[in-house]
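**Student:** Can you look at this prediction? I've put the sequence above it.
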Amino acid sequence: MADSSNVSSCYANTSTPYIYAPAVGKVYYSATFTTLGLISNLIAFIVLIKSCKETRNQSRSFFLIFLGGLVVTDFMGLLVTGSFVISFYVTHVDWSKSDPTCHFCNFMGMSMVFYGLCPLLLGATMAIERFIGINLPFVRSSRVSKKRTVSMVLMVWFIAGSISMLPILGFGSYHIQTPGSWCFINITSKRGDWTFALLFSLVGLISIATSFFLNTVSVVTLIKLCCGAERRQRRRDHEVEMMVQLILIMTIATVCWCPLLIYILKSALNPSTSDGNLLFFIRIATWNQILDPWIYILITVSKLRSSLSQQPWPGLDIR
């Protein structure tokens, strides 16, 4: 455990401005952003529960467990971090005075890292699961169960949580960030700080690269199987639907997270080049938590419309 002098350094040598004048506009933006994300993930969670009850396909039920873990993660991430930011703009609290021991700052920094890495790690795990399910179906059917799928989600949470706790144990540190409403990784020339920042960015980038490679191979395999027997059409439809969702999840994660991860990577390798755009990239990354749930919602609505359009009208006999 880091000593007290190290822990209290989250406010040391900071030039973070506490600007109260524009706080009204910022609290409305933060509140609207957080509320939209929470509602979107709540709707998506309800949709996933309904889909899980209706599905009879084993592969799809396992896939829905991963999606459920992703929705829960995004919901809690917005709830925890959004509460901190909104409370700052409402109360104008000076964290260096109200939290001199850095407990809240460290907790928010841990939350930012945990809820940031989880979607990326879950995306890579889902890509691995789909890769095995499509390319090695016999291996998957003999080794994967609902219990093991839940264990994989819990393992992802454990790994992300372990990484987020490293600064509390003295490896790296969290620091208050402009405009004083949030805490995140402290990127300095200190060995522990830049190494932890490098670890965070590499884990995220490797997760995205893994998802991209495995999803590409899975899509190519599906294309080759598209001329299979008619009795396998229903199974292929499920596989295609899951891959479409996974590709969209990967695309959104890549667009939202790569700018931040590359920025942190460059700053970690050369801290003197940091240009103060961290908040901008964080906001882009946070959109991932809002856009993700709409993938499940829109695809479910699309399936419902397709199902209704294929059903004949009552009393209408077309010969």
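**Tutor:** Sure, I can see it.
**Student:** Could you check the pLDDT of residue 273?
**Tutor:** With respect to pLDDT, residue 273 scores 66.
**Student:** residue closest to the middle of this protein?
**Tutor:** Nearest to the geometric centre of the chain sits residue 119, at 2.7 Å (CA atoms, centre = their mean).
**Student:** can you pull the contacts of that one?
**Tutor:** Residue 119 is in contact with 70, 73, 74, 253, 288, 289, 292, counting by CB atoms under 8 Å, 6 or more residues apart in numbering. Placement of C-beta: from N, CA and C, glycine included.
**Student:** tell me what the helix or strand where the fourth one lies is packed against?
**Tutor:** Secondary structure here is read from DSSP states H and E; on that basis residue 253 sits in helix 233-269. Applying 3 or more CB pairs under 8 Å, 6 or more residues apart in numbering; DSSP states H and E, one finds that helix 233-269 contacts helix 58-91, helix 103-135, helix 191-225, helix 278-310.
**Student:** Compare the ones you listed and give me the one nearest residue 156.
**Tutor:** In terms of CB to CB, the element of the helices and strands packed on helix 233-269 nearest to residue 156 is helix 103-135, at 4.6 Å.
**Student:** Give me the average confidence score over the closest one.
**Tutor:** Here the average pLDDT along helix 103-135 is 92.
**Student:** Okay, buried residues for it please.
**Tutor:** By neighbour count with 16 or more other CB atoms under 10 Å, helix 103-135 contains the buried residues 104-127, 129-134.
**Student:** Low-confidence bits of the chain, can you list those?
**Tutor:** Counting by pLDDT under 70, the chain contains low-confidence ranges at 1-8, 13-26, 56-57, 138-144, 227-237, 273-275, 303-319.
**Student:** Contacts only, for residue 67.
**Tutor:** Per CB under 8 Å, 6+ apart, neighbours of residue 67: 48, 245, 296.
**Student:** And the first one, which helix or strand is it part of?
**Tutor:** Taking DSSP H and E as the criterion, the element that holds residue 48 is helix 23-54.
**Student:** and that helix with helix 58-91, angle?
**Tutor:** 160 degrees (axes from the mean of the first three to the mean of the last three CA atoms, to 10 degrees).
**Student:** After whichever strand or helix holds residue 155, heading C-terminal, what element do we hit next?
**Tutor:** Per DSSP H and E: residue 155 is located in helix 146-164. Toward the C-terminus, helix 146-164 is succeeded by strand 174-177 as the next helix or strand (DSSP H and E).
**Student:** what's the helix or strand just after that following strand packed up against?
**Tutor:** Following strand 174-177 in sequence order, the next helix or strand is strand 182-185 (DSSP H and E). Using 3+ CB pairs under 8 Å, 6+ apart as the contact test, the elements touching strand 182-185 are helix 58-91, helix 103-135, strand 174-177, helix 191-225, helix 278-310.
**Student:** quick one: which of those is nearest residue 38?
**Tutor:** Closest approach to residue 38 among these is made by helix 58-91 (5.5 Å; CB to CB).
**Student:** residues making contact with the helix or strand just after the closest one?
**Tutor:** Per DSSP H and E, the first helix or strand lying C-terminal to helix 58-91 is helix 95-98. For helix 95-98, the external contacting residues (CB under 8 Å, 6+ apart) are 11, 14, 88, 104, 105, 176, 180, 183.
**Student:** so residue 159 sits right up against residue 120, yeah?
**Tutor:** No - applying CB atoms under 8 Å as the test, residue 159 and residue 120 come out as separate, 11.0 Å apart.
**Student:** if I pick the nearest residue to residue 174 once chain neighbours are set aside, what's in contact with it?
**Tutor:** Nearest residue to residue 174 in three dimensions, chain neighbours excluded: residue 109, at 2.9 Å (CB to CB, 6 or more residues apart in numbering). Applying CB under 8 Å, 6+ apart, one finds that residue 109 lies in contact with 10, 164, 167, 174, 175, 183, 184, 185.
**Student:** ok, 6 Å please
**Tutor:** Listed by CB atoms under 6 Å, 6 or more residues apart in numbering, the contact set of residue 109 reads 174, 183, 184.
**Student:** What is the nearest of the contacts of residue 119 to residue 93?
**Tutor:** Closest approach to residue 93 among those (CB to CB): residue 289, at 24.4 Å.
**Student:** Is it correct that the closest one is in contact with residue 74?
**Tutor:** Yes - look at residue 289 against residue 74 with CB atoms under 6 Å: they come within range, at 4.1 Å.
**Student:** Now for the nearest residue to residue 288 once chain neighbours are set aside: which residues touch it?
**Tutor:** Closest residue to residue 288 apart from its sequence neighbours, by CB to CB, 6+ apart: residue 256 at 3.9 Å. Neighbouring residues of residue 256 by CB under 6 Å, 6+ apart: 284, 285, 287, 288.
**Student:** In PyMOL, how would I select just the buried ones from the residues you listed?
**Tutor:** In PyMOL syntax, the buried subset of the contacts of residue 256 is picked out as below (16+ other CB under 10 Å):
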select buried, resi 285+288
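**Student:** of all the contacts of residue 256, which comes closest to residue 222?
**Tutor:** Distance to residue 222 across the contacts of residue 256 (CB to CB) is lowest for residue 288, with 25.1 Å.
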